[in-house]
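Show me how the following folds:
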Amino acid sequence: MSVGRDAGAAASSTVASSAPATQRLPVVLFFGTSLTAGYGLAPEQAFPALIEKKAQDEGVPIRVVNAGLSGETTAGAVRRIDWVLRTPADLVVIEGGANDALRGLSPDAARSNLEKLIAAVRAKQPSARIALVQMEAPPNYGVSYTRSFRAIYTDVAKKESVPLLPFLLDGVAGISRLNQADGVHPNVVGEGIVANNVWKALKPIIAQLDRVGKRG
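A predicted model of the protein is given here:
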């Protein structure tokens, strides 16, 4: 009798192990400010949603979670990150610092906060990959501040060994026809350029995300 049970168990195990794998959609969590949220635009016009569509069109589909929050500084982001990380993610894209720069806040504090954000992701979701988005300070605070702020991102990316994506508003910032009336947030056309910039940098990372899930 025991032989029969063992044989049956082995057969069941063989069937289970040979069950075909199913495709799963990797989750990409965009954590950032109003620039990520798509301030002034419809949700489907924000660059994370545009990237979701690009990924689908190019055969590497993903599910995007847009966790952008208008007006948030890096200090605010640190206070919020644990709550946002309740959503499991395969890749977390961190866009932070724009509001620090607009307010002329300390680059050193922003650097420390970005490091804390990365540490929080690693603590809460150790298997998630992380990418950091380069941000820039407006020129009105002077060359010294602008340089110090720019260096934050290369320093953090190198120290934490995470990929650094290009400046989010490259080719859009300061161009009136690509921005809304406030001169800060991209309009629909500008947002398309932002999405293209981010997608070019993210596609190789997204293509490597785990897409295999087991049935049952």
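
Identify the residue spatially nearest to residue 27, adjacent ones excluded.
Leaving aside its sequence neighbours, residue 27 sits nearest to residue 89 (Cβ to Cβ, 6 or more residues apart in numbering; 4.7 Å). C-beta here means a position set from N, CA and C on the backbone, and glycine is covered the same way.

Please give me every residue in contact with that neighbour.
Listed by Cβ atoms under 8 Å, 6 or more residues apart in numbering, the contact set of residue 89 reads 27-29, 65, 125, 128.

Residue 135 too?
Counting by Cβ under 8 Å, 6+ apart, residue 135 touches 95-98, 101, 149, 153, 167-168.

what do you get for residue 109?
74-75, 100.

Find the centremost residue of the chain, please.
residue 93 (1.7 Å; Cα atoms, centre = their mean).

Just the residues contacting the helix or strand hosting that residue, thanks.
According to DSSP states H and E, residue 93 maps onto strand 91-94. Contacts with strand 91-94, where a contact means Cβ under 8 Å, 6+ apart, come from 26-32, 85, 114, 117-118, 121, 125, 128-133, 165, 198, 202, 205-206, 209.

Recalculate using a threshold of 7 Å.
For strand 91-94, the external contacting residues (Cβ atoms under 7 Å, 6 or more residues apart in numbering) are 26, 28-32, 114, 117, 121, 128-133, 205-206, 209.

Out of the contacts of residue 109, list just those in helices.
Members of those lying in helices (criterion: DSSP state H): 74-75, 100.

Could you pick out the buried ones from those?
74-75, 100 (16 or more other Cβ atoms under 10 Å).

wait, what's in contact with the nearest residue to residue 34 once chain neighbours are set aside?
Excluding its sequence neighbours, the residue lying closest to residue 34 (Cβ to Cβ, 6+ apart) is residue 70, at 3.7 Å. Shown in contact with residue 70 (Cβ under 7 Å, 6+ apart): 33-34, 37, 39.

and residue 70, helix, strand or coil?
coil (DSSP: H, G, I helix; E, B strand; the rest coil).

From residue 24, how far off is it?
Going from residue 70 to residue 24 by Cβ to Cβ, to the nearest Å gives 32 Å.

same check, this time on residue 54
Relative to residue 24, and taking Cβ to Cβ, residue 54 is found at 19 Å.

Look at those two and report which has more neighbours.
In this view residue 54 and residue 24 are compared by other Cβ atoms under 10 Å, and residue 54 has more residues nearby, 20 against 15.
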